[in-house]
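S.K.: got a predicted structure plus its sequence, pasted below:
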Amino acid sequence: MAVYLYKLGRLASRRRWYVALLWVVIVAGVGFAATKAPAAPETEFSAPGVESQRAFDLMEERFPGAQADGASARLVFVAPDGQKVTAADNRAAIDKSVAEVADGPEVSSAVNPFQAQAVSQDASTAYASITYTVGAAELSDAAKDTLLEAARQARSAGLTVEIGGTALASEGSSGEVGEVIGVMVAAVVLLVTFGSLVAAGLPLLTAIVGVALSMVTIAVLADAFGLSSTTGTLATMLGLACGIDYGLFVVSRYREERANGHGPEEATGLAVGTAGSAVVFAGLTVVIALAGLSVVGIPMLTKMGLSAAGAVVIAALVALTLVPALIGFWPSGRVLSSHAATA
């Protein structure tokens with residue numbers, strides 16, 4: 001295998017313009033197809049054969065008006081200091097708020113705290129439980145506004161009101177922010193390690209290219225294979241991690257070969273022939289492990305595992321072809337060599 005990878009590395013370096021153009025065409029073509037593809041279906045989690053899934057199915061069968069995994073909310077009412085929620089005025093305000101929520105859209109049930117005995121022992125606090133017929137992601141703005149308005153009215157009556165549950169839980173971009181922070185940290189580590197912006201940036205650039213291609217590919221296949229909007233989460237994380245690692249293997253080995261006196265093209269071939277073998281075997285190991293998620297028998301995990309495996313395959317292909325091609329774009333490859341970094 002090392003011999004074939006050596007030839008591949010030299011070919012990619014020699015025909016770097018063609019290789020780079022080919023990757024640009026692939027990314028652009030798949031990206032264009034993604035803009036025309038149907039949107040990904042809503043996230044649906046099911047675990048056939050699992051007791052909790054059977055319980056969900058039974059609840060939806062017995063109570064067709066509500067989803068077992070529907071959104072929920074909890075209105076917590078606290079009386080002013082020295083007062084009780086059972087006082088006539090406070091109780092009337094709570095009853096009115098709960099009744100307003102109960103009349104709102106998509107509400108399955110709104111349990112009055114006085115009927116459910118959800119009142120603290122000192123009668124200073126009470127809470128109402130609300131369940132909805134749809135999940136938090138599908139909950140309409142009208143339903144959320146009704147909940148907020150009910151809380152506002154109770155506050156205007158002098159009560160302290162807090163809202164808990166999943167109904168108002170926002171879908172934040174914490175995962176995306178974490179990935180951006182991870183890329184920034186990786187950039188700093190690579191810069192300190194290599195001492196060269198080009199050498200540090202090349203693994204990051206190629207990893208981002210690989211992740212972008214993986215995401216648009218998932219978007220193209222989403223409707224045909226039922227891939228939800230969360231399927232690409234694992235693919236993004238592993239594609240980025242493996243892309244940086246695999247690119248780092250090749251660049252680091254290239255620097256060593258240049259330090260040993262080999263020319264740019266020869267050093268590129270040796271780097272892909274040696275480090276490329278590690279990339280292939282490491283990639284295959286990860287792909288097999290991710291494909292093993294299908295053994296669990298949970299459709300969502302199967303889709304996530306196979307999508308992430310595809311992202312790892314793309315990361316390996318990028319490292320074996322695009323990385324050596326980009327290395328050749330710098331004059332004599334000296335910008336990436338260890339001699340240039342210490343000069």
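M.R.: Right, received. Where do you want to start? Residues are numbered from 1 along each chain as shown.
S.K.: could you pull out the helices for the protein?
M.R.: Per DSSP state H, the chain carries helices over the ranges 2-14, 16-36, 51-62, 88-102, 141-156, 174-194, 197-225, 232-259, 264-291, 299-317, 323-327, 338-342.
S.K.: now, of those, which is deepest in the fold?
M.R.: helix 323-327 (a mean of 28; mean count of other CB atoms under 10 Å). Any C-beta I mention is one placed from the backbone N, CA and C, and that applies to glycine too.
S.K.: other residues contacting that helix?
M.R.: Residues outside helix 323-327 that contact it (CB atoms under 8 Å, 6 or more residues apart in numbering) are 8-9, 12-13, 15-16, 19-20, 23, 202-203, 205-206, 246-247, 250-251, 254, 264, 268, 271-272, 333, 336.
S.K.: returning to what we had before: quick one: the helices of the chain as a markdown table, columns for distance to residue 114 too.
M.R.: Output for these, formatted as a markdown table (distance: least, CB to CB, whole Å):
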| stretch | distance to residue 114 |
| --- | --- |
| helix 2-14 | 74 |
| helix 16-36 | 54 |
| helix 51-62 | 26 |
| helix 88-102 | 7 |
| helix 141-156 | 14 |
| helix 174-194 | 38 |
| helix 197-225 | 48 |
| helix 232-259 | 43 |
| helix 264-291 | 53 |
| helix 299-317 | 41 |
| helix 323-327 | 68 |
| helix 338-342 | 73 |
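S.K.: mean pLDDT lowest where, among the ones you listed?
M.R.: Ranked by mean pLDDT, the helices of the chain end with helix 338-342 in last place, scoring a mean of 44.
S.K.: who are the contact partners of the closest residue to residue 287 other than its chain neighbours?
M.R.: If the residues on either side of it in the chain are set aside, residue 287 comes closest to residue 309, at 4.4 Å by CB to CB, 6 or more residues apart in numbering. Applying CB under 8 Å, 6+ apart, we find residue 309 in contact with 286-287, 290-291.
S.K.: list just the nearest of these to residue 107.
M.R.: Distance to residue 107 across the contacts of residue 309 (CB to CB) is lowest for residue 290, with 40.9 Å.
S.K.: what separates that closest one from residue 35, distance-wise?
M.R.: 27 Å (CB to CB, to the nearest Å).
S.K.: over to residue 251?
M.R.: 33 Å.
S.K.: cool, residue 314 as well?
M.R.: Distance from residue 314 to residue 35, by CB to CB: 19 Å.
S.K.: kindly report the same for residue 73.
M.R.: For residue 73, the distance to residue 35 - CB to CB - is 37 Å.
S.K.: just residue 227 next, same as before
M.R.: Note on residue 227: its distance to residue 35, by CB to CB, is 16 Å.
S.K.: cool, residue 91 as well?
M.R.: Distance, residue 91 to residue 35, by CB to CB: 56 Å.
S.K.: one more: residue 203?
M.R.: For residue 203, the distance to residue 35 - CB to CB - is 28 Å.
S.K.: cool, and residue 100?
M.R.: From residue 100 to residue 35 the distance is 43 Å (CB to CB).
S.K.: cool, residue 88 as well?
M.R.: For residue 88, the distance to residue 35 - CB to CB - is 61 Å.
S.K.: for residue 317, same thing?
M.R.: 23 Å.
S.K.: same question, residue 8
M.R.: Counting by CB to CB - residue 8 and residue 35 are separated by 32 Å.
S.K.: residue 100 against residue 146, yeah?
M.R.: Yes - assessed by CB atoms under 8 Å, residue 100 is found in contact with residue 146 at 6.7 Å.
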